[in-house]
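**Q** For reference, the sequence and a predicted model appear below.
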Amino acid sequence: MATRMPSSSLSVFHPTYMQDISKPTMHLHMKTKDAKAPYRTQNLTKIMSSMIINSILAEDPTPSNTVRQFYKYMNEKNLKQLENYISNDCFFEDYSFPKPFNGKKEVLRFLEQLITGMGQNIEFHVAHIYEGDDDLIVGVNWHLEWKNRQVPFTRGCSLYRLTREGERLMIRKGQVFVESPIKPGDLFLKLLKIVTSLFDAFPEAAEWFFRSQYVIVQVLLKVYSMLLVPFINPILSFYVNIGNLIVRFVSIALKILEYFSRLFTTRKS
């Protein structure tokens with residue numbers, strides 16, 4: 001997808017554009033009585049730049065501003081406002097999940113689960129927003145932050161196609177690519193060479209694989225849920241519970257140390 005300059009260069013807040021916007025003025029002409037000139041006309045000039053900017057943003061929301069507002073409400077954990085940015089026929093693909101979310105109801109359920117998982121202190125930090133040649137396509141680079149500190153392995157890129165519904169712009173399609181915590185490096189290149197060699201050696205099997213890849217994924221997911229999940233979930237729950245106990249123990253120990261530290265400081269003073 002061809003891209004334009006980042007949204008910061010397309011925004012109405014660009015310095016050169018601000019110069020053009022700040023020029024329009026409103027002239028009010030009043031007839032006033034004056035002892036020397038009974039009906040002399042006086043020109044009263046008022047700068048309307050801020051009102052003009054607000055009017056432009058309110059009447060014709062841009063795709064980049066719409067997506068920026070979407071992430072703003074994600075950070076505010078405001079699901080009610082997010083409903084206004086998802087179209088009824090929205091198709092949302094997060095490639096960390098085996099299948100996409102289809103329709104407004106499924107997408108909002110996914111966003112609700114995402115917001116819950118983020119907790120109170122995790123936020124999206126939007127690094128860049130790009131608008132494509134098509135005015136309704138937007139690309140975003142982002143990462144997650146915890147109290148203004150970047151969380152490792154959370155860099156991502158999202159592509160959105162918007163649609164106009166009345167005076168609003170809404171997200172009709174979303175594609176999310178998230179950084180993998182596993183960095184295979186050269187191993188990936190070697191595996192890629194092996195896979196492509198197999199495709200070339202067995203083209204008919206490769207054609208069948210490409211036609212049936214989604215069926216294969218669904219079968220593997222069913223096998224995983226039937227055979228592995230009953231064994232893996234208890235193990236994961238056990239380690240999660242141990243982790244919670246360790247966190248509580250460390251928290252209590254720190255509070256005890258803090259208490260004795262204050263006690264000794266008080267006695268010395």
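**A** Received it, and whenever you're ready, just let me know what you need.

**Q** For burial, what's the neighbour tally of Arg172?
**A** 19 (other C-beta atoms under 10 Å). C-beta: built from backbone N, CA, C; applies to glycine.

**Q** Any idea how many residues pack against Phe101?
**A** 19.

**Q** now do Gly103
**A** 15.

**Q** what do you get for Phe97?
**A** 11.

**Q** residue contacts, Ser237?
**A** By C-beta atoms under 8 Å, 6 or more residues apart in numbering, the contact list for Ser237 is empty.

**Q** which element is it on?
**A** Counting by DSSP states H and E, the element that carries Ser237 is helix 229-268.

**Q** Just the buried residues of stretch 118-135, please?
**A** Judged by neighbour count using 16 or more other C-beta atoms under 10 Å, the buried positions of stretch 118-135 are 118, 122-126, 129-132.

**Q** Please apply the same query to stretch 151-163.
**A** 154-156, 158-162.

**Q** what's the answer for stretch 133-149, then?
**A** Within stretch 133-149, judged by 16+ other C-beta under 10 Å, the buried ones are 136-140, 142-145.

**Q** So what's the gap between that stretch and the chain middle?
**A** In this view, stretch 133-149 has its centroid 5 Å away from the chain centroid, taken as C-alpha atoms, centre = their mean, to the nearest Å.

**Q** next one: stretch 69-82
**A** 10 Å.

**Q** hmm, who's touching that stretch?
**A** Here stretch 69-82 has contacts from 85, 108, 111-112, 114-115, 118, 120, 123-124, 126, 140, 142, 171, using C-beta under 8 Å, 6+ apart.

**Q** again, only this time at 6 Å
**A** 85, 111-112, 115, 123-124, 126 (C-beta atoms under 6 Å, 6 or more residues apart in numbering).

**Q** between these, which is closest to Asn233?
**A** Glu112 (22.1 Å; C-beta to C-beta).

**Q** Quick check: mean pLDDT of stretch 241-253?
**A** Confidence over stretch 241-253 (mean pLDDT, whole number) is 84.

**Q** In the sheet, which residues pair with Asp94? Tell me.
**A** Val176 (DSSP bridges).

**Q** That one: neighbour count?
**A** Asp94 has 18 nearby residues by other C-beta under 10 Å.

**Q** Show the pLDDT at it.
**A** Confidence score, pLDDT, at Asp94: 95.

**Q** re earlier: now, the buried residues of stretch 151-163 that are in strands?
**A** With strands taken from DSSP state E, the overlap with the buried residues of stretch 151-163 comprises 156, 158-162.

**Q** just the residues you listed now: which is nearest Tyr239?
**A** Nearest member of these to Tyr239, counting by C-beta to C-beta, is Gly156, at 26.6 Å.

**Q** Next, work out how far apart that closest one and Leu257 are.
**A** For Gly156, the distance to Leu257 equals 39 Å [C-beta to C-beta, to the nearest Å].

**Q** try Lys193
**A** Distance of Lys193 to Leu257, computed by C-beta to C-beta: 55 Å.

**Q** What of Leu245?
**A** Taking C-beta to C-beta, one finds Leu245 at 19 Å from Leu257.

**Q** what's the answer for Val240, then?
**A** Taking C-beta to C-beta, one finds Val240 at 26 Å from Leu257.

**Q** Repeat that for Ile171.
**A** 49 Å.

**Q** which residue is nearest the centroid of the chain?
**A** What sits nearest the mean C-alpha location of the chain, by C-alpha atoms, centre = their mean, is Tyr71, with 4.8 Å.

**Q** Let's verify Ser197: helix, strand, or coil?
**A** Recorded secondary structure, Ser197: helix (DSSP: H, G, I helix; E, B strand; the rest coil).

**Q** again with Gly174
**A** At Gly174 the chain is in strand, as set by three-state DSSP.

**Q** Distance check, the closest residue to it other than its chain neighbours against Phe153.
**A** Excluding its sequence neighbours, the residue lying closest to Gly174 (C-beta to C-beta, 6 or more residues apart in numbering) is Phe92, at 4.4 Å. Computed with C-beta to C-beta, the distance linking Phe92 and Phe153 is 22 Å.
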